[in-house]
Structures are given as C-alpha cells and as structure tokens.
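Q: sequence first, then the predicted structure:
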Amino acid sequence: PPAPCSSPAVSPAFARPPSAVSPAGYRPAVGAVAACAAAAPGVAAGVIFGCNDKTFDECFELCIVGLPNKYMPLVQSIRAGYTLLFLFNFSSRMLHGVYRASSDGGHNLHPAAFTGQTRDDDSLLPEEIEGSPFPAQCCFEIAEELPACPETEFRHVLEYTERQRFRFKLSRWQCADLIRAMAGPQGHLRAVAIVERLRFA
C-alpha cells in the first residue's frame, strides 16, 4: 500500500479534516522536481482527478487518486516527482491542491481503493478483490496546501467541452494559473513562490 501522505503545516483556516492530514512535517522535495523539470514529450505537466464527498477522505488516507479506466492513457503519462495533481470534488464543485505525483500513473495500484473495503481488511483474500472502480491511479504527496477553490474562480483556466465538462489534462501554464487562482488576490506572492519552487513558471 502507498505510504502516508506528507503535509505542510497550515493555518486552521486552510487545514483539511484530521483524517486527511499527516502529523509529519512537510519538506519540499525540490531536488526531485528539479531533476524532472525538463519532462520528456508526452509527459503530463498536470492532471485533475475527481472525487466526491464519499471518496474525498479516502484519497488522503491512501494517498492515492483514481479515474475510470478510459482515462488510463492520460494517467500513464504521469511521472513521479514531476506531474502536478489537483483534486476536484464533484459534490462541492471545489478544487483542492497542490499535489505532486509520488508514483508514475498505473493500473490498480491499490485494487481496494474506492470499493468500500479498507486496506487493513484481512477477511478478504487478494483474489476476492475485484479491483477499484477507478483503476487509473496515481500516488501523491502534498506539495503545497492551498485553500479549496470554487469552480467559478478557476473556470477561465480550463478547457471545457460542449457538454460543459473540463479536460483533466493540464499544460504548464494551466498549472501555474490554477495555483494563482487558488491562492487568490491576497496570496499573490505566495503563488509566485510556489510556481517558482515547483519550476512551473
């Protein structure tokens, strides 16, 4: 199973529920990001994953996010230490981040994820776990905790389809603009520092 997520120290106003925050102190892995700054062609700069109120906490308990199988080609373009991840809650229409992939994207990295079965359930044999309903998965770590952002505040950054659904794959400039939108006007200097530290300027 994936290791617990690391989390930065944040003010109570920005904090996640206790189950979603690790007590470990945050230490940015700048070297890992710098080593991957020049990504190979085809590697995703950023990806938005989805959740709802029922699966939100589980993402942080397992440090894993997932999408339906049809998004496997997109998820397989995620590279550990480089690709930035964001989490959109379809129940609240709020965007959470900023996260960094701590594994390459893959298939059923945690087969029991989002199935209602806990990873510590010893009553089930491996062959009894059919697999996650969201098998296109990636492990993540918290790169910087920003306030949750309503869709109206970042809608201008994304590409929407005719059915008013946004595309999950992000360019470098979209990642940077999402960080700025989430930081808000009062957090401009913080956003600049985050973008520079993550080498997405």
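A: Right, received. Where do you want to start?
Q: now what about stretch 155-170, what contacts it?
A: When contacts are defined by Cβ atoms under 8 Å, 6 or more residues apart in numbering, stretch 155-170 is touched by residues 44-50, 67, 71, 74, 77, 84, 86, 174, 177-178, 181. For every residue, glycine as well, the C-beta is placed using N, CA and C.
Q: quick check, pLDDT for the closest residue to residue 151 other than its chain neighbours.
A: Leaving aside its sequence neighbours, residue 151 sits nearest to residue 93 (Cβ to Cβ, 6 or more residues apart in numbering; 4.6 Å). Here the pLDDT value assigned to residue 93 is 95.
Q: so residue 93 versus residue 177, what's the distance?
A: Distance of residue 93 to residue 177, computed by Cβ to Cβ, to the nearest Å: 18 Å.
Q: give me the neighbour count for the residue nearest to residue 42 when sequence neighbours are not counted.
A: Excluding the flanking residues, the one nearest residue 42 by Cβ to Cβ, 6+ apart is residue 77, at 5.8 Å. Neighbourhood size, residue 77 [other Cβ atoms under 10 Å]: 18.
Q: could you give the separation of the helix or strand encompassing residue 86 from the chain centroid?
A: Element membership of residue 86 [criterion: DSSP states H and E] is strand 84-89. Once both centres are worked out by Cα atoms, centre = their mean, to the nearest Å, strand 84-89 turns out to sit 4 Å from its chain's centre.
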